[in-house]
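**Q** Need coordinates for the below:
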Amino acid sequence: MNEILGFVNEKTKVLVILKENQLQIDGKSICPLNQQEIANLVPCGKLKVNQILKELIDDGYVEMLHTKGRYIVTAKAYEVLKKLSLK
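**A** Model prediction:
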């Protein structure tokens with residue numbers, strides 16, 4: 001994981017974790033991690049990850065696939081990460 005993540009907030013860490021853990025499934029880049037796995041990587045609590053994911057989805061940075069805990073990082077998120085040099 002990028003060493004600069006120690007200097008950014010949890011929301012940014014969640015976004016980077018989603019991006020770095022994507023798999024190609026049916027032609028889409030999907031992060032298969034569940035909220036507990038993401039929380040372990042941040043590190044923070046599962047409820048905090050749930051709150052952050054809701055914010056990222058509401059703000060258009062992440063899409064949820066089928067409510068099965070599969071997440072897609074949007075182009076909007078890639079632009080933000082690029083500006084932060086965390087692409």
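**Q** Please make it C-alpha for all contacts and neighbour counts, starting now.
**A** Fine.
**Q** List of residues touching the helix or strand hosting residue 50?
**A** Residue 50 belongs to helix 46-58 when assigned by DSSP states H and E. Around helix 46-58, the neighbours that count as contacts under Cα atoms under 8 Å, 6 or more residues apart in numbering are 11, 14, 35-36, 38-39, 62-64.
**Q** buried residues in it?
**A** Of the residues in helix 46-58, 46, 49, 52-53, 56-57 count as buried by neighbour count, 16 or more other Cα atoms under 10 Å.
**Q** on that earlier part again, could you export the contacts of helix 46-58 as a markdown table, including secondary structure?
**A** Below are the contacts of helix 46-58 laid out as a markdown table (DSSP: H, G, I helix; E, B strand; the rest coil):
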| residue | secondary structure |
| --- | --- |
| 11 | helix |
| 14 | helix |
| 35 | helix |
| 36 | helix |
| 38 | helix |
| 39 | helix |
| 62 | strand |
| 63 | strand |
| 64 | strand |
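**Q** quick one: which of these is nearest residue 76?
**A** Among the contacts of helix 46-58, residue 62 lies closest to residue 76 (Cα to Cα), at 8.6 Å.
**Q** Could I get the phi/psi values of the spatially closest residue to the closest one that is not a sequence neighbour?
**A** Closest residue to residue 62 apart from its sequence neighbours, by Cα to Cα, 6 or more residues apart in numbering: residue 73 at 4.7 Å. Per-residue torsions, residue 73: phi -80, psi 130 (degrees, to the nearest 10).
**Q** what does residue 34 give?
**A** Torsion angles, degrees, to the nearest 10, at residue 34: phi -90, psi 170.
**Q** number of nearby residues for the closest residue to it other than its chain neighbours?
**A** In space, residue 34 comes closest to residue 69 once its chain neighbours are excluded; the distance is 5.7 Å by Cα to Cα, 6+ apart. Using other Cα atoms under 10 Å, residue 69 has 13 other residues around it.
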